[in-house]
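1. coordinates for the following, if possible.
(chains A and B)
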Amino acid sequence: MAKEVVNREENYSQWYNNLVTKADLAENSAVRGCMVIKPYGYAIWEKMQAALDKMFKDTGHVNAYFPLFIPKSFFSKEASHVDGFAKECAVVTHYRLKNDPNGKGIIVDPEARLEEELIVRPTSETIIWSTYKNWIQSYRDLPILCNQWANVVRWEMRTRLFLRTAEFLWQEGHTAHATKEEAVEETEKMIQVYANFAQNWMGVPVIVGKKTESERFAGAVDTYCIEALMQDGKALQAGTSHFLGQNFAKAFDVQFANKEGKLDYVWATSWGVSTRLMGALIMAHSDNNGLVLPPMLAPIHVVIVPIYKGEEELEMICNRAKELKKELEAKGIVVKIDNRDNVRSGFKFAEHELKGVPVRLAMGPRDYQNGTVEIARRDTLEKQTISQEGLADYVARLLDEMQKNIFDKALKFREEHTYKVDTYEEFKQKIEDGGFILAHWDGTAETEAKIKEETKATIRCIPLNAELEDGVCMVTGKPSKQRVVFARAY
RNA sequence: CGGGGUGUAGCGCAGUUGGCUAGCGCGCCACGUUCGGGACGUGGAGGCCGAAGGUUCGAGUCCUUUCACCCCGACCA
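-> Got it, this is the predicted structure:
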């Protein structure tokens, strides 16, 4: 498949460019792989944030904010957690600069060394749990359902725009519960929130499942995830929700008095999605003309391009366009009139397609005369001329249809690139083509590691809603009760 | 940290055996003609050829050192 897909990873850079650039940091800077999110890209992120934030609030969560800096000692408390992050942490060691006494600019003041180094948060479990300790005495203090919108830093060996930047924006939910059942329920609820967002807002179909032990979050008892398939056949983990058990409560000594008056450790969850979602959005829907944005996340729904000769005609058409804009806006549709005089209309068409604006209306003197407008939809690139009468209703319906169509198209793609495989030989062949492979696995980390080693494919997840089916592991022949999802992943 | 590759204008590149004032495309600026799918013409601005050292009458080009970036692996959302 990979060969036929035109918009492979290397081709995305063209349409990334409207959204982000790689940060232009000073030469010799040790920081690599940071990105500048441009206004248009940030507008998409804001739409995502707003939708997610509302979903969090609707499920009973509140926002809070915790420090960027975490004392080093906090990390030593949960052993597997620190194992997971130790290798990719930025560390603050000093708090002051001074003029170089040798006149060579600015140096770090060696006198200003911190007694305890501070870690720039790679994730906030440790600082949040050391805070929660002070918030929790009784079962009456529970549950705590906090979310934080923040940036985090992970010093990755290798970065990739959107998918793995050294600094990224995300949200992280951290909850504390009195019972295991409640915490598990929360974990599952939030992965469903993410699945709902991915599918209904982003138009990206996802498989909801659990990670295997070796793919699990550092410090978690269970990691739930949503996995999406990109158009180049690679899988992308788009969101995770972790059941942390009592690991962090024990590490940070967070106990509460239950109804019986006995002390118990609280049960925890954490869950997050990041700007990586924008990468998913791009790679799931883009075509050779650029981005394709689902209307629900498009910063601009409709662009009106006036076609004219001379200022008189421009004014005449723009006035009509403004009236149409008002009608559309009354339906909650975001409209931009592109009346730039310094570029031609063909250029504007191409540019708005590149940026993924869902609907384009072009109006020239002919349309003005006839009371019509040319309407073009971004997802199918179809154009037709329709009446200006009832335009707002037409566009509103079209946007709904496009939202659905974009999802359906992605779903169809995924279904066409999901294969059931029963032998390891076939697996090795099939994995070269990309896509999801459903196969039996004996449940051991050894087999999983062997497969990864030999094929670069990982178990993306053990799907939650999959039908049980007796089978044998394609590698070892040991019994298996259900198929798991394999893929090569970002 | 291993294996490959690249540094020349804002971006993308050519310049391969050393030679005069370093070139092309895009973009940018000015004027004009255009304007229903990325316009065209004319003129113009913009470069210590990644850095340092060396060879030479002469270095973008050869040698040495060094720095940076990109790709592929290991790590990861």
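2. report the closest residue of chain A relative to RNA strand B.
-> A:Gly364 (2.1 Å; Cβ to the nearest atom of the strand). Where you see a C-beta, it was placed from the backbone N, CA and C, and this is true even at glycine.
3. correct me, but that residue touches A:Tyr308?
-> Yes. If you go by Cβ atoms under 8 Å, A:Gly364 and A:Tyr308 touch, sitting 6.9 Å apart.
4. overlap in contacts of those two?
-> By the contact definition Cβ atoms under 8 Å, 6 or more residues apart in numbering, A:Gly364 and A:Tyr308 are jointly contacted by A:Ile317.
5. I'd say A:Lys133 and A:Phe256 touch.
-> No. Using Cβ under 8 Å, A:Lys133 makes no contact with A:Phe256, being 10.2 Å away.
6. can you pull the contacts of the residue nearest to A:Gln199 when sequence neighbours are not counted?
-> In space, and not counting its chain neighbours, A:Gln199 is closest to A:Pro205: 5.8 Å by Cβ to Cβ, 6 or more residues apart in numbering. If you count contacts by Cβ under 8 Å, 6+ apart, A:Pro205 has them with A:198-199, A:228-229, A:407, A:410-411, A:414.
7. looking at these, which are in strands?
-> A:228-229 (DSSP state E).
8. report the buried members of the contacts of A:Pro205.
-> Neighbour-count burial (16 or more other Cβ atoms under 10 Å) is assigned, among the contacts of A:Pro205, to A:198-199, A:228-229, A:407, A:410, A:414.
9. helices - which of these land there?
-> Using DSSP state H, the members of these that fall within helices are A:407, A:410, A:414.
10. please confirm that A:Met48 is located within a helix.
-> Yes. Counting by DSSP: H, G, I helix; E, B strand; the rest coil, A:Met48 is located in a helix.
11. I'd guessed it sits against A:Pro299; true?
-> No. In this structure, A:Met48 is not within contact of A:Pro299 by Cβ under 8 Å, at 10.8 Å.
12. neighbour-wise, which of these two wins?
-> Just comparing A:Met48 and A:Pro299: by other Cβ atoms under 10 Å the higher neighbour count belongs to A:Met48, 22 against 19.
13. identify the residues contacting the more buried one.
-> With Cβ under 8 Å, 6+ apart, A:Met48 has these contacts: A:197, A:201-202, A:277-278, A:297.
14. all strands of the stretch 151-300 of chain A, in order?
-> A:167-177, A:207-210, A:222-229, A:235-245, A:255-257, A:263-265, A:267-274 (DSSP state E, counting those that start in this stretch).
15. distance of A:Lys133 from A:His242?
-> 19 Å (Cβ to Cβ, to the nearest Å).
16. do A:Thr269 as well
-> According to Cβ to Cβ, A:Thr269 and A:His242 sit 6 Å apart.
17. now do the shared contacts for these two.
-> Counting by Cβ under 8 Å, 6+ apart, the common neighbours of A:Thr269 and A:His242 are A:Thr187.
18. show me where the stretch 1-150 of chain A has strands.
-> Counting by DSSP E, counting those that start in this stretch, the segments of the stretch 1-150 of chain A that form strands are A:20-22, A:35-37, A:62-63, A:69-71, A:91-94, A:97-99, A:106-108, A:113-120, A:144-153.
19. least confident of those strands, on average?
-> If the strands of the stretch 1-150 of chain A are sorted by mean pLDDT, strand A:20-22 sits at the bottom with a mean of 68.
20. which residue, other than its chain neighbours, is closest to A:Lys452?
-> With Cβ to Cβ, 6+ apart as the criterion, A:Lys452 has its nearest non-adjacent residue at 5.4 Å, and that residue is A:Thr458.
21. what's that neighbour in contact with, if anything?
-> A:215, A:448, A:451-452, A:486-489.
22. show me the contacts for the residue nearest to the spatial centre of chain A.
-> By Cα atoms, centre = their mean, chain A has its centre lying nearest to A:Leu277, at 1.9 Å. By Cβ under 8 Å, 6+ apart, the contact set of A:Leu277 is A:48, A:198, A:202, A:238-239.
23. what comes up buried for stretch A:55-65?
-> Across stretch A:55-65, burial judged by 16+ other Cβ under 10 Å covers A:55-56, A:61.
24. so, low pLDDT: which residues of the stretch 1-150 of chain A?
-> A:1-17, A:21-33, A:102-105 (pLDDT under 70).
25. re the thing from before, including distance to RNA strand B, could the ones in helices among the buried ones among the contacts of A:Pro205 go into a markdown table?
-> Listed next are these as a markdown table, based on distance: Cβ to the nearest atom of the strand, whole Å:
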| residue | distance to RNA strand B |
| --- | --- |
| A:Phe407 | 22 |
| A:Ala410 | 19 |
| A:Arg414 | 18 |
